[in-house]
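A.B. asks: give me the fold of what follows.
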Amino acid sequence: MTLDPPRTASPVVEDYLQVLHYMTRDGIPVIAARLSERLNVTPPTVTATLQRMERDGLITHGPRKEILFTDPGRRLAEDIVRRHALAERLLTDLLKMPWHESHEEAHGVEHAMTPKLEAQLLVALGNPTTCPHGNPIPGLGQLEPDEFPLDQVKTGDELIFVRITEEAEVDLQLMRYLQEHGVAPGARMTVREAAGFNGLVVLEGAEGQVPLGLQVAAKLRARRV
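C.D. replies: Numbering: from 1, shown residues only. Now for the predicted structure:
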């Protein structure tokens, strides 16, 4: 793959572009209020940053005030997300950091990653197509076309677990729980219970049964066998 010239966006703008990419990829309409919640910053701060990003030609707004990428903004966001995923792979695959800690720790690495280091990491890591949590790396991997959120399962479904969305990755306790119970990309699992009335999904895999609330299940993706 051909790497772009060095990026010049500030770390703050890179963080915004990264979250915008994640939300857009997962089909979540992006408006300023929702972005404020995800980034844990005040609405006025979000508004000011978005105005600066629009001025710089990175984003635009749709007819319902949804935030949309421009082509340059999308390319820059994909660069950032790719660097983040490679940083996660560096931490888990080479430095053997616990899987559930890599998302948060990767933020400090991604901002310092140069195109030359990125290219060398790709080779050293064997050209991975996903981050450790199953999310596709831009330019290297793609979403599974038949994946769906786990809050849509039915009792008796046989599943292959695909990925943990970044909305779930920010919850360190949840990530530790998923890792300890074998809820990882590629794991084969059976739905033992899918009861909407009590807001619970119970999976069973190699590590035994795993109860999940529907709000958590909605942040996870699988495909039926």
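A.B. asks: drop to CA atoms for contacts and neighbour counts, all remaining ones
C.D. replies: Noted.
A.B. asks: for the residue nearest the centre of the chain, what are its contacts?
C.D. replies: Centroid-nearest residue in the chain, with C-alpha atoms, centre = their mean: Glu166, separated by 3.1 Å. Applying C-alpha atoms under 8 Å, 6 or more residues apart in numbering, we find Glu166 in contact with Tyr22.
A.B. asks: quick one, domains of this structure?
C.D. replies: The chain breaks down into these domains under automatic domain parsing: 1-143, 148-224.
A.B. asks: next secondary structure element downstream of the lowest-mean-pLDDT helix or strand in the chain?
C.D. replies: Here the helix or strand of the chain ranked lowest by mean pLDDT, DSSP states H and E is helix 102-110, holding a mean of 87. Later in the chain than helix 102-110, the nearest helix or strand by DSSP states H and E is helix 115-124.
A.B. asks: list the buried residues for that following helix?
C.D. replies: Pro115, Glu118, Leu121, Leu122 (16 or more other C-alpha atoms under 10 Å).
A.B. asks: and for stretch 128-144?
C.D. replies: Pro128, Thr129, Thr130, Cys131, Pro132, His133, Gly134, Asn135, Pro136, Ile137, Pro138, Leu143.
A.B. asks: report the residue spans of the protein with pLDDT below the cut-off.
C.D. replies: Low-confidence segments of the chain, defined by pLDDT under 70: 1-8.
A.B. asks: 90 instead?
C.D. replies: 1-11, 27-29, 64-65, 98-105, 107-114, 170, 195-199 (pLDDT under 90).
A.B. asks: so where do the helices sit in it?
C.D. replies: Using DSSP state H, the helices of the chain run over residues 11-25, 32-39, 43-55, 71-89, 102-110, 115-124, 166-169, 172-180, 214-217.
A.B. asks: gap between Gly182 and Leu94?
C.D. replies: Using C-alpha to C-alpha, to the nearest Å, Gly182 is found at 21 Å from Leu94.
A.B. asks: I'd like to know how many residues surround the spatially closest residue to Glu66 that is not a sequence neighbour.
C.D. replies: Nearest non-adjacent residue to Glu66, counting by C-alpha to C-alpha, 6 or more residues apart in numbering: Ile31, 4.8 Å away. Residues lying near Ile31 (other C-alpha atoms under 10 Å) number 16.
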